[in-house]
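[1] the following comprises the amino acid sequence and a computationally predicted model.
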Amino acid sequence: MTAVGIDAIEIWTGKLKLDLPETFAPVKDEDPEKYTKGLGLYASSFPDSYEDIVTMGANAAHRLMERKGLTPDDIGRIDVATESAFDNSKPVSTYIAGCLEQVYDGDFHHANKGERKFACIAGTQSLDDAYNWIKAGRNRGRSALVIATDTALYARGDPGEATQGAGAVAMLISEDPSIVELSTEQGYGSADETDFLKPNQQFPSVDGKRSMQVYLARMREALEDFERAGGETHPGDYVFGPYHTPFPGMVRKAGLFAFRHTIRDTDIEEELAAEIGRQPREDDYDDREAFEEAIRGYMDDLKATDQYQEWYANTIDPTLRISREVGNWYTGSVHIARASALQYAAENDMEMTGKKLLVGSYGSGAQAEIHAETVQEGWEEELDQLSIDEQIRNRHDLTYEEYEQVHDRHNHDKRVELEDFTEPENEFVFVGRGDMDERTYEYVE
Ligand code: CAA
């Protein structure tokens, strides 16, 4: 059977940076360690005045196409995943295709375009759609372009304000991919939840604490469903676990739950039993409350074991390196977690070909998906070409007053003009609105 998966990745961060411990914390009168140690975040990315979800997505896609020597004729499908769209009818993929057509001789008239919405999990759903399209043999030799692009803004003063971010991830989905093959096995955990939503509004209504509980509950359901689908979950089977990362502290919590779940009835649970006992089983308790208290005690003990700490340091922590510096990118977040882990593997000369990742995607509202990925032979060459570290270093560091101006500039209800902080070069930029209030774009040299 032909392998299908991710053949190339490009990442584009918004060009501005808000330093959380240095700039944000003092104004909020908070301890900087709430951000660095508690949430696990150092900075958020923001778009400059001339950037938005279209420019970031188009620039990532353009760079990917240039690097792979592709023309529009090689692409049969453009799917955009976003929860920051500004148009309820015309999909963002048409705007992005329009940008790309400015710089290529051919066009994308033959390409199926769409926009996926299910909060942050839409990026992975778009990967799945592309995978299914190729597996069904409908691609006529062409690849799919999947673009996850978001400007994750919260209302000023909302607790989520500290977890904002902006950027795009473009991925090429092809037969015989160079980076990872996706597994056939998938597991889902999906339920009607009102933890985080945007009922025709730009900034989300969020029940922050509940959203964290829903994340954990749906992830666990998805893991169980993945096991029912025949997927392996023993921690020893996976080198990295990239999860959706709204902020690294969330993944720290999810990692402990995942480890507990996946060591149950394994050699690892037995090995740990001498030190912390076996995991409490619900059948052994008369009431749910007593069982939950026992589980909490076991989790505290588990967290302190060398086995858990080593697993977390090797399998989860490397997935968080980019996220710490850029914040939440919603649909792109799990995809920067994968890239972050593979970059770490390349820097540490790890032998990855044939090794596996257990990928946990999540979207509020809410749905989780677990699938596995097998690393392919060309992974290192692809990852070496990423420029995200340099982009992160080159961002303009905003003062708090500038941050407020930038937040207003990207507020859809305000029409605020603002000088650019950086100079665009060889990229698509937003230039204004047309007669039908459509947003318009140009490529600048
Ligand atoms: N030193 C060290 N740690 C500190 C600290 C200090 N001085 N001060 C606080 N902390 C810790 C806290 O103990 C807490 O950690 P624990 O949860 O492990 O106890 C952490 O820092 C955060 O502190 P608070 O809980 O007090 O923070 P908060 O209430 O201001 O906001 C939040 C946290 C509710 C998650 C908020 O950021 C939020 O609403 N975010 C948006 C929603 C979100 O991201 N939800 C995640 C799941 S939903 C999802 O994944 C979809 C998505 O992308 C949005």
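    Nice, I can see it. Numbering: from 1, shown residues only.
[2] in the chain, what residue lies closest to the ligand?
    G38 (1.9 Å; Cβ to the nearest ligand atom). For every residue, glycine as well, the C-beta is placed using N, CA and C.
[3] quick one: that residue and M250 touch, right?
    No: judged on Cβ atoms under 8 Å, G38 makes no contact with M250 at a distance of 10.9 Å.
[4] which neighbours do these two have in common?
    Shared contacts of G38 and M250 (Cβ atoms under 8 Å, 6 or more residues apart in numbering): none.
[5] mind listing what the nearest residue to P424 once chain neighbours are set aside touches?
    The shortest distance from P424 to any non-neighbouring residue, by Cβ to Cβ, 6 or more residues apart in numbering, is to V444 (5.2 Å). When contacts are counted by Cβ under 8 Å, 6+ apart, V444 touches 424-429.
[6] of those residues, grab the buried ones for ChimeraX.
    Buried subset of these, written as a ChimeraX selection, criterion 16 or more other Cβ atoms under 10 Å:
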select :424,427,428,429
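[7] could the contacts of V444 be laid out in a markdown table, adding pLDDT and secondary structure?
    Converted to a markdown table, the contacts of V444 look like this (pLDDT from 0 to 100; DSSP: H, G, I helix; E, B strand; the rest coil):
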| residue | pLDDT | secondary structure |
| --- | --- | --- |
| P424 | 98 | coil |
| E425 | 97 | coil |
| N426 | 98 | coil |
| E427 | 98 | strand |
| F428 | 98 | strand |
| V429 | 98 | strand |
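[8] closest one of the contacts of V444 to G114?
    F428 (20.3 Å; Cβ to Cβ).
[9] check contacts around that closest one.
    Applying Cβ under 8 Å, 6+ apart, the residues contacting F428 are 54-55, 58-59, 62, 99, 102, 441-444.
[10] surely D19 touches Y42?
    Yes: counting by Cβ under 8 Å, D19 does reach Y42; the two are 7.3 Å apart.
[11] so what sits against both of those two?
    By Cβ under 8 Å, 6+ apart, no residue touches both D19 and Y42.
[12] quick one: the residue nearest to P424 from D301, how far?
    V444 sits 58 Å away from D301, going by Cβ to Cβ, to the nearest Å.
[13] all strands for the stretch 1-150 of the chain, in order.
    Assigned by DSSP state E, counting those that start in this stretch, the stretch 1-150 of the chain shows strands spanning 4-13, 16-19, 43-46, 75-81, 112-116, 143-152.
[14] show me which residues of the fifth one are buried.
    Using 16+ other Cβ under 10 Å as the test for burial, strand 112-116 gives 112-113, 115-116.
[15] what do you get for the second one?
    The neighbour-count criterion (16+ other Cβ under 10 Å) identifies 16-19 as the buried residues of strand 16-19.
[16] now check the helix or strand hosting R296, is it near the ligand?
    For R296, the host element (DSSP states H and E) is helix 288-303. No: counting by Cβ under 6 Å from any ligand atom, the ligand is not contacted by helix 288-303; separation bottoms out at 11.3 Å.
[17] for the helix or strand following that helix, packing partners?
    As assigned by DSSP H and E, the chain's next helix or strand after helix 288-303 is helix 306-311. If you count contacts as 3 or more Cβ pairs under 8 Å, 6 or more residues apart in numbering; DSSP states H and E, helix 306-311 packs onto helix 248-263, helix 267-276.
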